[in-house]
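Novice: take this sequence and fold it.
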Amino acid sequence: MVRYRGRLVITIGVMIFGLILSGCGKSKEGAGPQAGPPEVAIEVIQEARLPITMELPGRTSPYMVAEVRPQVSGIIQKRTFEEGSDVKAGDLLYQIDPALYQASYQNAKAALAKAEAHLPALRQRAERYKELVDIRAVSRQEYDDATASLQQAGAEVGVGKAAVETARINLAYTRITAPISGRVGKSNVTVGALATSHQAAAFTTIQQLDPIYVDATQSSANLLEFKGRVATGRIKGGGPGQARVKLILEDGTPYPHEGKLQFSDITVDPGTGSFILRMVFPNPKHTLLPGMYVRTVIQEGIVDRAILVPQEGVSRDPKGNPVALIVDGEDKVQQRMIKIDRAIGNKWLITSGLKAGDRVIVEGVQKVRPGVSVKAVTVKPAQKDTPGAVKTDRPPAAAK
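Specialist: Next up, the predicted model:
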């Protein structure tokens, strides 16, 4: 019995050992080939002619504003416009009771006619006295009196004409007309209200909205920085004919019409360190209303040989400096220290550290390090990454 148990133990041990050897053999037979170098996606850097733009916040303001006030006093008889409608220069807006001014006008005309009626007789008298004084038929004093009376009558005629003109103007002022063409606002008075000459409160306001102004603020520091880039040749400054301005509305949609830069203020606000840029935009459909917040996109200049790198291809070292990983001619990873100017869409504008033809790693940066061999796969730049994008926000200070 003991011998039988010993043989059984030996047999079981042999079987277990055989199974172990069989499993090891299968494991070796099923093992695959050694893993190759990691695969990364690269983008080949190319130079491009790039327009440099700056995006500034701004507010719209009317091209012309006219506050309508009465120039004579009286009771308002009627209002002839609809609030919020478009009016043309010269259109009647309000009518003040003209009865009193009509009577004054007629009175002035009558006084003028009376003065003019005396004038012929006095003129003839002066002419006769001139002949008689030569033959001493009348005294010199009588001739002088006749001449003075003629001059006084002439002066009274002049006063009468001025009174008639004043009365006519006051009568015309009872018709309150639009001084400019534009859109009229709400009426602050109603029929039956008393109008006072040159009162402080305006009856209504007319605003010309086509074209329309956009006032944007720019930092004086940014202006000095831009002039420095132009002076060093990094950017070709655009002349007045190249200053194109576009607009982005509050909801992010682009405004369909292009504007022009009219002028820049010559005074810097000491409180904010900025100055005003005024632009003019056509507004045929009155899409822009006074007081709207917009963003202006102004072309600063042009970079002839711009280097753009996707933002996912740029990382930071422990000190916060921007770096990029490239694949060299031997398919090994190299690290480059770079300098960033600004963001163009979803790319960085690079000023130094990279050149045309460099292969920048844009995917798989986390699984490689400088010096290792990699398998590079070239990716085609997305259409949205092409140069000339509108957005040109600057990177944080640490990126420079």
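Novice: show me what residue 293 is bridged to.
Specialist: Beta bridges link residue 293 to residue 59, judged by DSSP bridges.
Novice: could you do the one 4 residues further on as well?
Specialist: Residue 297 has the following beta-bridge partners by DSSP bridges: residue 55, residue 246.
Novice: that one contacts residue 248, correct?
Specialist: Yes. Between residue 297 and residue 248 there is a contact at 6.6 Å, judged by CB atoms under 8 Å. All C-beta atoms are positioned from the backbone trio N, CA, C, and that covers glycine.
Novice: show me the chain divided up by domain.
Specialist: Per automatic domain parsing, the structural domains of the chain span 44-60+210-399, 70-96+175-201, 99-173.
Novice: run through the protein and note the low-pLDDT ranges.
Specialist: 1-35, 222-243, 381-400 (pLDDT under 70).
Novice: show me the helices in it, by range?
Specialist: 2-30, 99-134, 140-173, 220-231 (DSSP state H).
Novice: quick one: contacts for residue 363?
Specialist: Shown in contact with residue 363 (CB atoms under 8 Å, 6 or more residues apart in numbering): 40-41, 312, 379.
Novice: wait, residue 161
Specialist: Residue 161 neighbours (CB under 8 Å, 6+ apart): residue 112.
Novice: cool, and residue 132?
Specialist: 138, 143.
Novice: rerun that using 6 Å as the cut-off
Specialist: residue 138 (CB atoms under 6 Å, 6 or more residues apart in numbering).
Novice: what's the spacing between it and residue 140?
Specialist: Residue 132 sits 11 Å away from residue 140, going by CB to CB, to the nearest Å.
Novice: over to residue 266?
Specialist: Per CB to CB, residue 266 is found 69 Å from residue 140.
Novice: which one of those two has more residues nearby?
Specialist: Neighbours were counted for residue 266 and for residue 140 using other CB atoms under 10 Å; residue 140 has more, 10 against 7.
Novice: grab the nearest non-local neighbour of the more buried one.
Specialist: What sits nearest to residue 140 in space, not counting adjacent residues and going by CB to CB, 6 or more residues apart in numbering, is residue 133, at 5.9 Å.
Novice: gap between that neighbour and residue 152?
Specialist: According to CB to CB, residue 133 stands 19 Å off from residue 152.
Novice: for the stretch 201-350 of the chain, what spans make up the strands?
Specialist: Residue ranges of the strands in the stretch 201-350 of the chain, as given by DSSP state E, counting those that start in this stretch, are 204-219, 236-237, 244-248, 259-264, 274-281, 293-310, 314-316, 322-327, 333-337, 339-344, 347-352.
Novice: quick one: the fifth one to strand 244-248, angle?
Specialist: Strand 274-281 runs at 90 degrees relative to strand 244-248, counting by axes from the mean of the first three to the mean of the last three CA atoms, to 10 degrees.
Novice: what residues sit buried inside strand 274-281?
Specialist: 274-277, 279-281 (16 or more other CB atoms under 10 Å).
Novice: need the contact list for residue 155.
Specialist: Contacts of residue 155 (CB under 6 Å, 6+ apart): none.
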